[in-house]
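> Provided below for reference: sequence and predicted model.
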Amino acid sequence: MTPLGLSVASWLWIAVLAAGVFWAVAVPGMPTTEYRIRTALAPVVGALTAFAYYRVGHQEPATVIVFYTTALLAFAAGMIGHRRELARRLMEAKRKGEPEDATWSVAMMAQVLVSLVVFCIAAFWII
């Protein structure tokens, strides 16, 4: 049985919609073309990782797709309200030659963490 009784094809369409939501939230807020491309590739890399996990982990495909969708939506929800600040911090780090790993504010990290927890609880409830 698949989560919520939906077929794998239905979950794939939901994952495509989740990628669209991620792109709509995350990509426009990036300050440069390089950051936009890197951000736009995140769902693709995530899909490849999910597929590899499905092949190696012998998980049900719909279950893997649910967690992939969960991750995309959680990160998109976590970025809402923080895009301008993130763009400013990315440009500041690039100008100073600093690593990008310190560009997330504490508030954004907290929002992403809460989003991940809430969405993962929902995913576990769904499956």
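Perfect, I can see it now.

> For stretch 103-113, report the contacting residues that lie outside it.
Outside stretch 103-113, the residues within contact range by Cβ atoms under 8 Å, 6 or more residues apart in numbering are 74-75, 77-82, 85-86, 89-90, 92-93. No exception for glycine: its C-beta is placed from N, CA and C like everyone else's.

> Go through the lengthiest helix in the chain and flag the buried ones.
Taking DSSP state H as the criterion, the chain has its longest helix at helix 33-57. Within helix 33-57, the residues that count as buried by 16 or more other Cβ atoms under 10 Å are 35-36, 39, 42-43, 46-47, 50, 54.

> okay, the angle between the helix or strand following that helix and helix 33-57?
Using DSSP states H and E, the helix or strand that follows helix 33-57 in sequence is helix 61-79. With axes from the mean of the first three to the mean of the last three Cα atoms, to 10 degrees applied, the angle from helix 61-79 to helix 33-57 works out at 150 degrees.

> Any buried residues in helix 61-79, and which?
62-79.

> tell me the mean pLDDT over that helix?
Averaging pLDDT along helix 61-79 gives 93.

> same for that helix, what does it pack against?
helix 8-26, helix 33-57, helix 106-126 (3 or more Cβ pairs under 8 Å, 6 or more residues apart in numbering; DSSP states H and E).

> what separates that helix from the chain centre, distance-wise?
6 Å (Cα atoms, centre = their mean, to the nearest Å).

> Run the angle between that helix and helix 106-126 for me.
150 degrees.

> List just the nearest of the contacts of stretch 103-113 to residue 124.
residue 74 (13.0 Å; Cβ to Cβ).

> Fine by me, thanks again.
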